[in-house]
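A.B. asks: Just to be clear, the model below is a prediction. Sequence and coordinates:
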Amino acid sequence: MTTIYLLRHGEPDYEPVRERRWPGSMADLAPLSARGIEQATEAAHQLATVGAVKLVSSPFTRTLQTAGIVACRVGLLIEVEFDLHEWLPDDTFGWQDHDEVRIFLADFESSGGEWPPDQQRQWEPLSAVRQRASAALRRAAASISGDGSLIAVTHEMVIRALTGETVTWKGRFRQIDSSQLP
């Protein structure tokens, strides 16, 4: 059994995205804000004592920057795990701004995170997030030989899908055991 530390990325700074008027998924290129860097640094300090032997991260800029700060502190290389990416509000990637994402999120929440029976939505159901993230973490944990824990830098909706917690804080982590993965 491997202990997994699910770390939510630090606070992002969407201003460079807004300035450039980049649409939709281009927002995933937003870097951390100054506060986000502080949050990642604090998490790195706390995670330095957990005996991690592996560090995986979502491919988004805010998670990779958070993971970079952690990696420097704990002395590990970052392995990009694509399936730890954030929830997809629109699987066509056609959304233009955060207002549209909020509309998809409201529908997601009113549906309990799952598509209503006999209906399909553009947003990714929570069960699909759980399935892909669990598979990614099982792969990462299986590659650890001997003792040691795993740090996974990811997103709020991924942590929600894995733990059931509806609120996670930027730059904070949650500990689970690999045996708890759905």
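C.D. replies: Sure, I can see it.
A.B. asks: Can I take it that Glu165 is in a helix?
C.D. replies: No: per DSSP: H, G, I helix; E, B strand; the rest coil, Glu165 lies outside any helix segment and is coil.
A.B. asks: got a list of what Trp115 touches?
C.D. replies: 121, 125 (C-beta atoms under 8 Å, 6 or more residues apart in numbering). For glycine as for every other residue, the C-beta is placed from the backbone atoms N, C-alpha and C.
A.B. asks: residues making contact with the helix or strand containing Thr63?
C.D. replies: Element membership for Thr63 (DSSP states H and E) is helix 61-74. Helix 61-74 is contacted by residues 7, 9-10, 12, 28-32, 36-37, 39-41, 43-45, 47-48, 52, 55, 57-58, 76-78, 80, 84, 151, 153-155, 171 when judged by C-beta under 8 Å, 6+ apart.
A.B. asks: 6 Å - rerun?
C.D. replies: Contacts to helix 61-74, defined as C-beta atoms under 6 Å, 6 or more residues apart in numbering, come from residues 9-10, 12, 29, 31-32, 40-41, 44, 47-48, 52, 55, 57, 78, 153.
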